[in-house]
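> The following block contains a protein sequence and its predicted model.
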Number of protein chains: 2
Amino acid sequence: MREVAVIGIGQTRVEEQWNKSLRELAGDAALAALRNSGLDQVDAVYVGNMMSGSANLQQHLGAYIADWVGMRYAEGLRIEAACSSGAACFRSAVMAVGSGQVDSVLAVGVEKMTDSPSAEITAELATAADADYEAAQGLSFVAINALIMRRYMFEYGWKKEDFAAFSINAHANAVHNPFARFQEPITLEGYSKAGMVSDPINLMDASATGDGSAAVILVPLEFVKASKGIPLVKVAASAAATDSIAIDQRTDPLWLKAAELSVKKAYAQAGIGPADIDLFELHDAFSIMAALSLEANGFAERGQGPRVANEGDILPNGRIPIATRGGLKARGHPVGATGMYQIVEVIQQLRGEATGTQVENAHIGMAQNIGGSGSNIITHILETV
Amino acid sequence: MREVAVIGIGQTRVEEQWNKSLRELAGDAALAALRNSGLDQVDAVYVGNMMSGSANLQQHLGAYIADWVGMRYAEGLRIEAACSSGAACFRSAVMAVGSGQVDSVLAVGVEKMTDSPSAEITAELATAADADYEAAQGLSFVAINALIMRRYMFEYGWKKEDFAAFSINAHANAVHNPFARFQEPITLEGYSKAGMVSDPINLMDASATGDGSAAVILVPLEFVKASKGIPLVKVAASAAATDSIAIDQRTDPLWLKAAELSVKKAYAQAGIGPADIDLFELHDAFSIMAALSLEANGFAERGQGPRVANEGDILPNGRIPIATRGGLKARGHPVGATGMYQIVEVIQQLRGEATGTQVENAHIGMAQNIGGSGSNIITHILETV
């Protein structure tokens, strides 16, 4: 495969954007990425999105966004993998450029969720679960994660407060990110007093949805060279794996098997191991998912994710910085766009543009996006050239 | 790019499948394709689907179908490009194998439409149009095509009956296809007397939706050789282009610009021209689309699509056979699956398995899938090795 470089990044703030339509939102991020790349045309427009068909009554986003950003006639399609739609879109773009079929792709993740009433959003999110064996039983996504967290606390002896460090780190980092939904720090007291959503998950364990879009421009590495003092970033690894959608079908609901499988492939492709990763944008949709992600990717022993967080390893100057721009928790989680935000944030770090939370000497960053409750896990490793 | 072979095909009959769930339907086609290929595992499962999120309350079909067909842990994602989702899925699979990132893909198109009431289906199909500028004005898909057909008849002087030859050919061919929704021939009288849907489009101009799934297995050409007397089929070209979603935005609503652009790329990739195509599975969602497709792909002069049909060129023994297994009109149009049915049918012809409508000496076949009213057009050329 041809090596692939990412030469442009763009994003909008995650918030309730009542004044923007779906296409305006995607257009803002896409045009920012194009400006950042120096290109004004691309061969293909790939869109990562989960729920526009129901939330915005608009599908067919490839052609729709391509036309809106001035790329009518370019190739266009949409990729959906529930909350991992963003990374699935990025991976498809990597393979398209890598294969030689196209020489430039605009990959844009977008989700506009506040047009739908919250009851509908909960139902729409549940389409990522098993319709017959989970959603039809009334299990919402937060409830599925609450079952996992409760079991994890029982198995490994953690208290609820032991998870606070994940949220405190995420919010502390988001203070420095103008694109984050929440730009205020939280305290242990604030965490402990937060309203319960689905016991033991409270508001400070759960990421907030929102409207947002993030975009990148991919081209063959051989076509570009570093310029203007901005480090050039290439895709060192791209890998994906699935697991059952319904958690009751898994032999071990406390282990992200698909993360283990996809990161194993990714480490092999990049020729590195966990110790080489300078920062890790993981999928902290709920604090329990942050813990499980650290474990399955080789940064914590099984059952010891909260320990790593409480020892400070996850801070920007720690052993394995996570959620460096706020993560899903505080930057926000516009579901189909989230994976693309992670890619954009890793690139900010590798370029040295992560003001306020810059990881020193960051040369290799990893992003991992999860669809469903661990049922589709996509890993990318990015590296300065 | 590595060359790509298609070594397995499978399909279900298009019909109202009340006794099958979405996953059972996809599983039937997928397992048939696997059996046909001789493989029992693949690296990745790609699903082409348009509307399962609203029609079946289930998204995340990559992981969902992978698990169902015994491929838990394989990579999985869904591709959506409205009615061209099937071909977009196939193209993504071609690029995945071509890039070297995966060595085998199960690409499955599936749509289960009869679970939704017909009013909802009309609204769901309208999500492929422009939500703001078309759907919100009450324009359904058949109405958009009726506007195009009326204008075409006015510009080029055709009468309604001049389009009958498209439908008569499609139904005559479907008689021999056990997977077709309608396996009865129709007559000119039957065509003329059919109930009007949206003037001038009557029931015999319009394809029928339905439940259906078609699947193929793709691997690198270098990994396989022809065996068992079955000709080996490779992907000679894969190309795509978009146009505006709303037809009022186009300079010429009677010309499929995206077809012209995508087929031009496809012919160049394959190193051939229209005269080399032995059969052409085109997107006859409405008879007007069959006419426009013949023109934009180089098989008829502008405005002369109906003439080519009436002169018999489109019959299985004609100059450019189309809809050889019934087309969208008579095989049926389960929207997100249709593009994969077209690929399967072209391969049946190239293998000499198109009983009853076999095109003699078929070595090069083309499939072209249209999303929206010409806004996303994806072309594949397949060839015997």
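The structure has been received and is ready for your questions. Residues are numbered from 1 along each chain as shown, chains lettered A, B, ... in the order given.
> which one is A:Glu345 nearest to, not counting chain neighbours?
With C-beta to C-beta, 6 or more residues apart in numbering or on different chains as the criterion, A:Glu345 has its nearest non-adjacent residue at 4.4 Å, and that residue is A:Arg325. Glycine gets a C-beta too; all of them are placed from N, C-alpha and C.
> Pull the residues that contact the helix or strand of chain A with the lowest mean pLDDT.
In chain A, no helix or strand scores lower on mean pLDDT, DSSP states H and E than helix A:118-125, which sits at a mean of 84. Here helix A:118-125 makes contact (C-beta atoms under 8 Å, 6 or more residues apart in numbering or on different chains) with A:50-51, A:54-55, A:113, A:116, A:135, A:140-141, A:209, A:335, B:53, B:57.
> coming back round to it: can you verify the residue nearest to A:Glu345 is assigned to a helix?
No: with DSSP: H, G, I helix; E, B strand; the rest coil as the criterion, A:Arg325 is assigned coil and is not in a helix.
> Which members of the contacts of helix A:118-125 occur in strands, if any?
Counting by DSSP state E, none of the members of these fall within strands.
> Please narrow those to those residing in helices.
The helices, defined by DSSP state H, take in A:54-55, A:141, B:53 from the contacts of helix A:118-125.
> which of those residues has the most neighbours?
Greatest neighbour count in those, by other C-beta atoms under 10 Å in any protein chain shown, goes to B:Gly53: 28 neighbours.
> Number of residues surrounding the closest residue to A:Asp130 other than its chain neighbours?
Closest residue to A:Asp130 apart from its sequence neighbours, by C-beta to C-beta, 6+ apart: A:Ala246 at 4.1 Å. By other C-beta under 10 Å, 22 other residues sit near A:Ala246.
> A:Arg35 too?
13.
> How about A:Gly229?
A:Gly229 - counted by other C-beta under 10 Å - has 7 other residues nearby.
> got the residues of the stretch 251-385 of chain A near chain B?
Within the stretch 251-385 of chain A, the positions lying close to chain B (C-beta under 8 Å from any C-beta of the partner chain) are A:257-258, A:261, A:371-372, A:375-376.
> one more time with 10 Å
A:257-258, A:260-262, A:265, A:269, A:371-372, A:374-378 (C-beta under 10 Å from any C-beta of the partner chain).
> For chain A, give me the ranges with low pLDDT.
Within chain A, the stretches with pLDDT under 70 are A:226-228.
> just the strands in it please.
Using DSSP E, strands in chain A cover A:4-11, A:44-48, A:75-80, A:105-111, A:196-198, A:201-202, A:212-220, A:233-242, A:279-281, A:364-371, A:376-384.
> Using a markdown table, lay out the ones you listed together with mean neighbour count.
Shown next, in a markdown table, are the strands of chain A (neighbours: other C-beta atoms under 10 Å in any protein chain shown):
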| stretch | mean neighbour count |
| --- | --- |
| strand A:4-11 | 25 |
| strand A:44-48 | 31 |
| strand A:75-80 | 33 |
| strand A:105-111 | 33 |
| strand A:196-198 | 16 |
| strand A:201-202 | 22 |
| strand A:212-220 | 29 |
| strand A:233-242 | 26 |
| strand A:279-281 | 27 |
| strand A:364-371 | 29 |
| strand A:376-384 | 27 |
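> Would you tell me which of those strands gets closest to B:Ala170?
B:Ala170 lies closest, by C-beta to C-beta, to one member of the strands of chain A: strand A:75-80, at 27.2 Å.
> partners of the closest one, with directions?
Using DSSP bridges, the strands paired with strand A:75-80 are strand A:44-48 (parallel), strand B:75-80 (antiparallel).
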